[in-house]
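**Q** got a predicted model here, sequence first, then my questions.
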Amino acid sequence: MVGALNIMSETGDLCLELSEDDPFYQEKKKLLSCKGLGVKETLSLSGSLSQQSLNVAFEKLLQFGRIANLDKVEVYFGEDACTSAGLYSVRNEISALSWILSLISVSCETQTQTETLEALREAVKSKISEVVGEEKEEARVDYSYRCEKESRLVEWGQNNGVKSKLQIAQIDGYGRGAVASQDLKIGDVAIEIPISSIISEECVNNSDMYPILEKIDGMTSETMLLLWTMREKHNIESKFKPYFDSLQENFCTGLSFGVDAIMALDGTLLLDEIMQAKELLRERYDELIPLLSNNHEHIFPPELYTWEHYVWACELYYSNSMQIKFPDGKLKTCLVPVAGFLNHSVHPHIVKYGKVDLETSSLKFPLSRPCNKGEQCFLSYGNYSSSHLLTFYGFLPKGDNPYDIIPLEMGVLENLRPTFDDMMQNLGDAVDDSMDRENTGWDVKMAIKFKERQRKIVSSILDSCSAGITLVHGHLFP
Ligand SMILES: C[S@@+](CC[C@H](N)C(=O)[O-])C[C@H]1O[C@@H](n2cnc3c(N)ncnc32)[C@H](O)[C@@H]1O
C-alpha cells in the first residue's frame, strides 16, 4: 500500500498519509515537501463545496497521489521528470488517478459528502480519459490465425482456477495479445491467476535438481529457475505443458540480432547495450554449464543445455517474466501463464499487478483505466527506454516513447550540442527508402527502424538545444 486515506465522518475531513512502509518513503517525503505538502495531509470536504474548492481539493489529492505512486525510476528522476503541468509519466498518472478512485470508492461516506465525492469521482474519471484519450482503438485481430495452442492453454487455465475477462488473439503488430471480451471499467479484474498456476522458484525447490543446485556456490534462485525451465519445457508430463507449448520457438529480441543488424546499429548506444548483454550471457553460460556436467547428466541432459537453448530460456525470462511479491514478503521472478499474453503500452490499462492477494492466494490484474469490448488490454512492463525494450523484449513501442528523453537542464545545452552533433554524424545518413526492403532480414529491419528513431530523437534534441540557446540568448541580449 503506497499511502492511506480515511474519511473521518464526524468532521467530514479526508486524511491522506504516506505509508512509512513505502520503500521510497524519504525520497517521496522530500518530493512532497517540494510541492508544499507533508506526509500527512487533510482535505476538508464538509458541506457542499463550490466548484473552485472542489478543484483545489482535486489538485491536492492528485499531487499527493502522483508522488505516493511514483516507481523506482520516477523517484530517481524526481522533480526533473515533472512537466510544467505536474505530470511525471503516463504510467504514474494512471496509477495515481486509479489509486484515488479506489480509495474514494471504499471510503464510508456520510450523506453530505456523497455529492462532493461523486464530483471528485467524475473529475478523476474525466482526467483518466484526458490522459489516455487518443489511445482507444479496436484491436486489429488476425482471424486467419487459428489460436490452437493458445486455446489449449486457456482451457488448461480454466481447469486450474484462472479467471479471465480477456480473449487471446493474434493482433497485427503485436503477436498474440489479450482483447477485452466485455466492457471493463476501472477496478475490474481482467485476469486472476492462482499461485498454484504460476511458475516460480517453488517448482525448482520441489524438483530433483534442487539438492544439486543448492550446493553450488553463488547459485541464485533465478538461475535455478532458468535451468529448471530448460528441462521442463521438454517434459511431456509437465503440469505446465500447455504453457510451454504455447511459447514461441524464437523470441526475436535484440539478443538474437545477427551480424548485419548489429552493423546497421553502428553509432547507436543500443549497439553497446546488445553487445554487453550478449557477452555477459556467454560468460555466465561458460561458467555455469561445466558445473552441471559433473556426474549429473541424468538430471541435466547435455542436449537440453546447449548455448541455443540457454539463449532461448534467457529471452523467455527477459521478455515474459514478472517480479511478484509473495505472502512471505519475498520478491520472486515468475512466469505467469495466460497473463503472459498481455502486451506493453506506454498508455497501459493495468499498472498494479505485482503482489499476491493474501485472501485469495492469487495474482490479480485490475484495470486502472477502462477497456471496452474489442480493445486490446495493455500492461505496463515498466518505464523502459526503446533500447531496453528492443534488447530484452524485441519490439519498439508505438508512437513516441517518453522514456527515451532524458530530462535536460538549460545550463548544459551549450555543452550538449557538440556531443549530439557528433552523435548525429556517427548515425550517418537516413536509409534510402528505395532500399530493397523485400530481401532485408527481420533483424536488419528492426535495427534500421531503431536507428531512424535515434536519428529523430537526436535531431529533436539538437532542435531543442538550438531553441533553448536562442531563448537564453534572447533573455541575456534582448
Ligand atoms: C509477455 S509477451 C506478450 C505476448 C506476446 N505478444 C506473444 O505473442 O507471446 C512479450 C512480448 O510481446 C511482444 N510485445 C509486447 N508489447 C508489444 C508492443 N507494444 N508492440 C509490439 N510487440 C509487443 C514482444 O515480442 C515481447 O517480447
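**A** Received it, and whenever you're ready, just let me know what you need.
**Q** alpha carbons only for contacts and neighbour counts from here, please
**A** Fine.
**Q** wait, what's in contact with whatever residue of the stretch 1-150 of the chain ends up closest to the ligand?
**A** For the stretch 1-150 of the chain, the residue positioned closest to the ligand under C-alpha to the nearest ligand atom is residue 150, at a distance of 9.4 Å. By C-alpha atoms under 8 Å, 6 or more residues apart in numbering, the residues touching residue 150 are 168, 246.
**Q** could you number the chain from 367 rather than 1 from now on?
**A** With 367 as the first residue, the last one maps to residue 516.
**Q** that one in helix, strand or coil?
**A** helix (DSSP: H, G, I helix; E, B strand; the rest coil).
**Q** quick one, domains of the chain?
**A** 369-501, 563-758, 771-842 (automatic domain parsing).
**Q** turn the ones you listed into JSON lines, including mean neighbour count.
**A** Rendered in JSON lines, the data for the domains of the chain read as follows (neighbours: other C-alpha atoms under 10 Å):
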{"stretch": "domain 369-501", "mean neighbour count": "17"}
{"stretch": "domain 563-758", "mean neighbour count": "18"}
{"stretch": "domain 771-842", "mean neighbour count": "14"}
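**Q** mind putting those domains into CSV with distance to the ligand and mean pLDDT?
**A** CSV is the format used below for these (distance: least, C-alpha to the nearest ligand atom, whole Å; pLDDT from 0 to 100):
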stretch, distance to the ligand, mean pLDDT
domain 369-501, 12, 80
domain 563-758, 4, 93
domain 771-842, 12, 73
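**Q** how about the helices in the stretch 717-844 of the chain?
**A** Remark: helices assigned in the stretch 717-844 of the chain by DSSP state H, counting those that start in this stretch are 752-758, 779-793, 808-842.
**Q** same deal with the stretch 367-516 of the chain?
**A** Using DSSP H, counting those that start in this stretch, helices in the stretch 367-516 of the chain cover 391-400, 417-434, 438-443, 456-472, 477-498, 514-525.
**Q** contacting residues around the second one?
**A** Around helix 417-434, the neighbours that count as contacts under C-alpha under 8 Å, 6+ apart are 368-369, 384, 394, 397-398, 401, 403, 409, 452-454, 458-459, 461-463, 465-466, 482, 486, 489.
**Q** quick one: the strands in the chain?
**A** 369-374, 379-384, 406-410, 529-530, 532-537, 541-546, 555-560, 687-691, 697-701, 709-710, 722-723, 728-732, 744-745 (DSSP state E).
**Q** the ones you listed: which one's closest to residue 808?
**A** Ranking the strands of the chain by proximity to residue 808 (C-alpha to C-alpha) places strand 541-546 first, at 14.2 Å.
**Q** by proximity to the ligand, which residue of the stretch 417-566 of the chain wins?
**A** Closest point on the stretch 417-566 of the chain to the ligand, by C-alpha to the nearest ligand atom, is residue 542, at 3.5 Å.
**Q** what sits against the closest residue to that residue other than its chain neighbours?
**A** Nearest residue to residue 542, sequence neighbours excluded (C-alpha to C-alpha, 6 or more residues apart in numbering): residue 536, at 4.3 Å. By C-alpha under 8 Å, 6+ apart, the residues touching residue 536 are 507-509, 511, 513, 542-543.
**Q** and with 6 Å instead?
**A** Residue 536 makes contact with 507-508, 542, according to C-alpha atoms under 6 Å, 6 or more residues apart in numbering.
**Q** what's the answer for residue 610, then?
**A** residue 599.
**Q** got a markdown table for the domains of the chain, with distance to residue 531 too?
**A** Formatted as a markdown table, the domains of the chain follow (distance: least, C-alpha to C-alpha, whole Å):
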| stretch | distance to residue 531 |
| --- | --- |
| domain 369-501 | 19 |
| domain 563-758 | 10 |
| domain 771-842 | 33 |
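**Q** tell me the centre residue of the protein?
**A** The chain has residue 747 as the residue nearest its centroid, 1.4 Å off, counting by C-alpha atoms, centre = their mean.
**Q** which residue is the nearest non-sequential neighbour of that one?
**A** residue 710 (5.8 Å).
**Q** quick one: contacts for the one you found?
**A** Per C-alpha under 6 Å, 6+ apart, neighbours of residue 710: 744-747.
**Q** recalculate using a threshold of 8 Å.
**A** Residue 710 touches 744-747, 763, counting by C-alpha under 8 Å, 6+ apart.
**Q** pLDDT wise, what is the residue in the stretch 717-844 of the chain that the ligand sits nearest to at?
**A** The nearest approach of the stretch 717-844 of the chain to the ligand comes at residue 759, 3.6 Å away (C-alpha to the nearest ligand atom). You'll see residue 759 listed with a pLDDT of 95.
**Q** verify the contact between it and residue 687 for me.
**A** No. Between residue 759 and residue 687 there is no contact under C-alpha atoms under 8 Å: 10.7 Å.
**Q** identify the bridge partners of residue 732.
**A** As for beta bridges, residue 732 partners with residue 555 under DSSP bridges.
**Q** ok, it touching residue 555?
**A** Yes. Using C-alpha under 8 Å, residue 732 is in contact with residue 555, at 4.1 Å.
**Q** sorry, back to before: any idea how many residues pack against the residue of the stretch 417-566 of the chain closest to the ligand?
**A** 20 (other C-alpha atoms under 10 Å).
**Q** can you pull the contacts of residue 599?
**A** Counted by C-alpha under 8 Å, 6+ apart, residue 599 has contacts 607, 610-611.
**Q** pretty sure residue 750 sits against residue 769.
**A** Yes. Residue 750 sits in contact with residue 769 when judged by C-alpha under 8 Å, with a separation of 6.0 Å.
**Q** in contact with residue 767, which residues?
**A** Here residue 767 is in contact with 712, 751-752 (criterion: C-alpha under 8 Å, 6+ apart).
**Q** do that again at 10 Å, thanks
**A** 711-712, 749-752 (C-alpha atoms under 10 Å, 6 or more residues apart in numbering).
**Q** can you check residue 494 too?
**A** 456, 459-464, 488, 552, 734-736.
**Q** farthest-separated two in the residues you listed?
**A** It's 456 and 488 that sit farthest apart of the contacts of residue 494, by C-alpha to C-alpha, at 19.2 Å.
**Q** before we move on, the earlier item: could you dump the contacts of residue 536 to TSV with pLDDT?
**A** What follows is these, written out as TSV (pLDDT from 0 to 100):
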residue	pLDDT
507	89
508	89
542	96
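**Q** any chance of these in CSV, with distance to residue 528 too?
**A** Listed next are the contacts of residue 536 as CSV, based on distance: C-alpha to C-alpha, whole Å:
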residue, distance to residue 528
507, 23
508, 25
542, 18
